[in-house]
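Chemist: Provided below for reference: sequence and predicted model.
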Amino acid sequence: MHKFILLLLLVAAPQWANAAIYNVNRVIGAGGVTGTIETDGTFGVLDEINIIAWNLILDDGGGTINLLDTNSEVRVQGSGALTATTTQLLFDSGAGPDQWLLFQAPTIGSGSDFWCIETDQCTGNANSESVVVGNTGEQTALLNGVVVVATRDASEVPEPSTVALMALGLGGLFLGRRRRR
């Protein structure tokens, strides 16, 4: 019976304990960014270590490139500008100086093929979002306050009542087993 309960716990582990995939759909001037960003499931303030995978198509109006976690890098600069909720990735453009989120190929600092959301340091454009592909041009949009960078489908997030009901059921199974002994 203990093996059955352990197996049930492993199979029915709450989704929020696993990675979270957020959908990106940003319009930036004549271009934009679409795709996904996957985190380790952490909610609250994020750092680059919490971003575990991405698949982003950058379009600067003159060209496109697909940034993957295998051909590019991510950098989160500063503390508290990037946060995650159960349904959104947020960037606070008013979080203070030297705050940015940068996806760039092939490496950070290589000069092209990037998407940057910043307070003032990535491209030097204060409180903005920029996308650049090769040397075809830069598309920039100004930001104000907290910006929704990406969203997560609410159906992927378990409701608290579902998690509580599962916990009660497993607790009942465990107590029932102990009573029989």
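Modeler: Looks like it arrived, so ask away. All of these numbers come straight from a predicted model, not from anything done at the bench. Residues are numbered from 1 along each chain as shown.

Chemist: Which secondary structure elements does the host helix or strand of Thr36 sit against?
Modeler: Element membership for Thr36 (DSSP states H and E) is strand 31-39. Counting contacts by 3 or more Cβ pairs under 8 Å, 6 or more residues apart in numbering; DSSP states H and E, strand 31-39 is packed against strand 20-28, strand 51-59, strand 128-132, strand 146-151. Where C-beta positions appear, they are placed from N, C-alpha and C, glycine not excepted.

Chemist: Can you tell me what sits against that strand?
Modeler: By Cβ atoms under 8 Å, 6 or more residues apart in numbering, the residues outside strand 31-39 that reach it are 19-26, 46, 50-61, 66-67, 84, 89, 115, 131, 133, 139, 149-150.

Chemist: The helix or strand that comes right after it - contacts with which helices or strands?
Modeler: Helices and strands here follow DSSP H and E; after strand 31-39, the next one along the chain is strand 44-45. Judged by 3+ Cβ pairs under 8 Å, 6+ apart, strand 44-45 is in contact with strand 82-84.

Chemist: just checking, what packs against the strand it packs on?
Modeler: Against strand 82-84 (3+ Cβ pairs under 8 Å, 6+ apart) you get strand 44-45, strand 88-92.

Chemist: Pull out the buried positions in the strand holding Thr36.
Modeler: Residues of strand 31-39 classed as buried by neighbour count (16 or more other Cβ atoms under 10 Å): 31-33, 35, 37-39.
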